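Chemist: For reference, the sequence and a predicted model appear below.
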Amino acid sequence: NKSKASRKEKLQEICRLLSDEIEVFDWVGFYLVDPNADRELVLGPYVGEATDHTRIPFGKGICGQAAETNETFVVPDVSKADNYLSCSIHVKAEIVVPIKKDGKFIAELDIDSHTRDSITEEHQKMLEEICDLTADLF
Ligand code: SME
């Protein structure tokens, strides 16, 4: 399916650009709602270390909580977060931004940083704009 392949490539390119351009973004990836599962996320395109968390149920971890609330989730210090799924001991901060199609949660952008307190309000605003545009790919 041609349009699906190009969506994958575009999501991959967004990950590459964000991780290349923003020093403190160390892992950048998309999780998508699995249409064949009950409230479960599946890992999509990403840049960074491989992760064990390729499937995440709604409600679990930061990713699952963002899926459930359909709201941006910023964690300045992951050591202080409960309900957190660790992907790497190096990760210190995380942001997850939902992607909505007609208000409905369909996917999310997940970014990990190796620097505590590194995710700014400007980052959040920029990422929310990117996610608004990304929704058009779905
Ligand atoms: N830390 C996430 C899991 C995904 S990895 O960061 C890639 C969480 O708590 O949901």
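Modeler: Everything's here; your move. Residues are numbered from 1 along each chain as shown.

Chemist: contacts and neighbour counts: CA atoms only from here.
Modeler: OK.

Chemist: Pull out the buried residues from stretch 87-101.
Modeler: Neighbour-count burial for stretch 87-101 flags 91, 92, 93, 94, 95, 96, 97, 98, 99, 100 (criterion: 16 or more other C-alpha atoms under 10 Å).

Chemist: same for the ligand: which of those are within range?
Modeler: Subset of the buried residues of stretch 87-101 in contact with the ligand: empty, counting by C-alpha under 6 Å from any ligand atom.

Chemist: out of those, which are inside strands?
Modeler: Members of those lying in strands (criterion: DSSP state E): 93, 94, 95, 96, 97, 98, 99, 100.

Chemist: ok, now which ones touch residue 93?
Modeler: 74-78, 112-119 (C-alpha atoms under 8 Å, 6 or more residues apart in numbering).

Chemist: ok, it to residue 120 distance?
Modeler: 11 Å (C-alpha to C-alpha, to the nearest Å).

Chemist: Next: residue 48.
Modeler: 21 Å.

Chemist: helices or strands up against whichever helix in the chain runs longest?
Modeler: Using DSSP state H to define each element, the chain has its longest helix at helix 2-21. In terms of contacts (3 or more C-alpha pairs under 8 Å, 6 or more residues apart in numbering; DSSP states H and E), helix 2-21 is packed against strand 27-33, strand 40-47.

Chemist: wait, which of those strands is closest to residue 108?
Modeler: Counting by C-alpha to C-alpha, residue 108 lies closest to strand 27-33 out of the helices and strands packed on helix 2-21; the figure is 5.4 Å.

Chemist: Does the ligand have contacts with the closest one?
Modeler: No. Judged by C-alpha under 6 Å from any ligand atom, strand 27-33 and the ligand are separated, with a smallest distance of 7.0 Å.

Chemist: Quickly run through the sheet partners of that strand, with directions.
Modeler: strand 40-47 (antiparallel), strand 104-113 (antiparallel) (DSSP bridges).
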